[in-house]
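Visitor: when you get a sec, could you give me coordinates for this:
(one chain, ligands or ions: 1)
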Amino acid sequence: MSIYDSGKRPDIRPLAADEAPVLAETLALAFRDNPLNRGVIRAGSVRRLRSNRHGMRATLAAALGHARILVPGSPKLGGLIALPPGGWPLPPPPLLAQVEYWLGQGVGAVRRWGRVYRELATLHPVEPHWYLQLLGVAVDAQRQGVGAALLGTWLKEVDREEAPAYLETDRRENLSFYGRGGFHVVGTDEILGVEIWRMRRPANGGGL
Ligand SMILES: CC(C)(COP(=O)(O)OP(=O)(O)OC[C@H]1O[C@@H](n2cnc3c(N)ncnc32)[C@H](O)[C@@H]1OP(=O)(O)O)[C@@H](O)C(=O)NCCC(=O)NCCS
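Guide: Residues are numbered from 1 along each chain as shown. This is a model prediction of the structure:
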């Protein structure tokens with residue numbers, strides 16, 4: 001039975017700062033097998049998870065206070081990180097989080113992530129927009145409407161500001177999910193041999 005079928009609609013709310021480590025763990029696992037992660041980390045699943053954990057912790061350390069971070073009731077179920085217009089790119093995380101990131105990722109992965117971010121940055125829109133930095137749902141809670149609930153809650157905020165929105169995704173199967181939210185593909189690129197789709201949603205783009 002899905003979360004929706006059981007009548008337990010997730011209560012979407014902002015992340016509390018002390019929940020960040022739990023959400024980092026959830027997102028690390030949710031993204032462990034994504035194509036870009038495989039292309040950058042180039043190791044087995046245990047190593048990818050560990051590496052991801054450091055990446056997610058650093059991202060959350062940077063995002064707290066600068067981004068909209070939403071969770072579906074519990075950070076164990078998933079989360080969404082979005083940057084408001086003018087908020088991209090995030091400032092670097094605090095020094096300790098940076099050191100943990102470098103040590104946890106290893107030199108090769110840090111270099112390759114740097115290349116991914118630089119290439120994506122050259123393609124980033126210049127118009128003021130909301131940017132969906134990350135959306136992930138715990139593997140055993142996927143396909144039950146949790147992702148749509150997180151996306152829909154955030155898009156209501158985006159629509160109140162009448163702003164366009166933008167994201168990148170490395171999974172073809174995510175295109176219909178985001179398409180239902182009103183996003184359409186504006187470009188495809190290959191980075192480190194991985195196909196990346198860039199998607200834009202016009203202001204008040206409807207969907208969901
Ligand atoms: C992409 C992701 C966030 C979607 O979250 P989710 O909770 O699985 O999404 P939903 O359940 O709301 O919707 C996913 C699909 O399940 C379907 N679905 C929703 N509830 C359902 C239910 N009760 N039964 C069966 N299918 C259902 C939806 O129609 C949707 O189909 P679509 O892809 O054709 O649009 C999640 O799969 C994820 O974390 N993936 C790994 C990380 C990732 O790729 N993140 C996105 C990076 S840009």
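
Visitor: confirm residue 185 sits in a strand?
Guide: Yes: Residue 185: assigned to a strand according to DSSP: H, G, I helix; E, B strand; the rest coil.

Visitor: just list whatever residues bridge to it.
Guide: residue 199 (DSSP bridges).

Visitor: in contact with it, which residues?
Guide: Going by Cβ atoms under 8 Å, 6 or more residues apart in numbering, residue 185 touches 175, 197, 198, 199. To be clear about C-beta, it is placed using only N, CA and C from the backbone, and glycine gets the same treatment.

Visitor: one more: residue 41?
Guide: Neighbours of residue 41 in contact, by Cβ under 8 Å, 6+ apart: 47, 48, 51, 52, 105, 109.

Visitor: and the first one, how far from the ligand?
Guide: Taking Cβ to the nearest ligand atom, to the nearest Å as the criterion, residue 47 is separated from the ligand by 18 Å.

Visitor: spatially central residue in this protein, please.
Guide: Using Cα atoms, centre = their mean, the residue of the chain that lies closest to the mean C-alpha position is residue 134, 0.8 Å off.

Visitor: quick one: pLDDT of that one?
Guide: pLDDT recorded at residue 134 is 98.

Visitor: same thing with residue 104?
Guide: At residue 104, pLDDT is 89.
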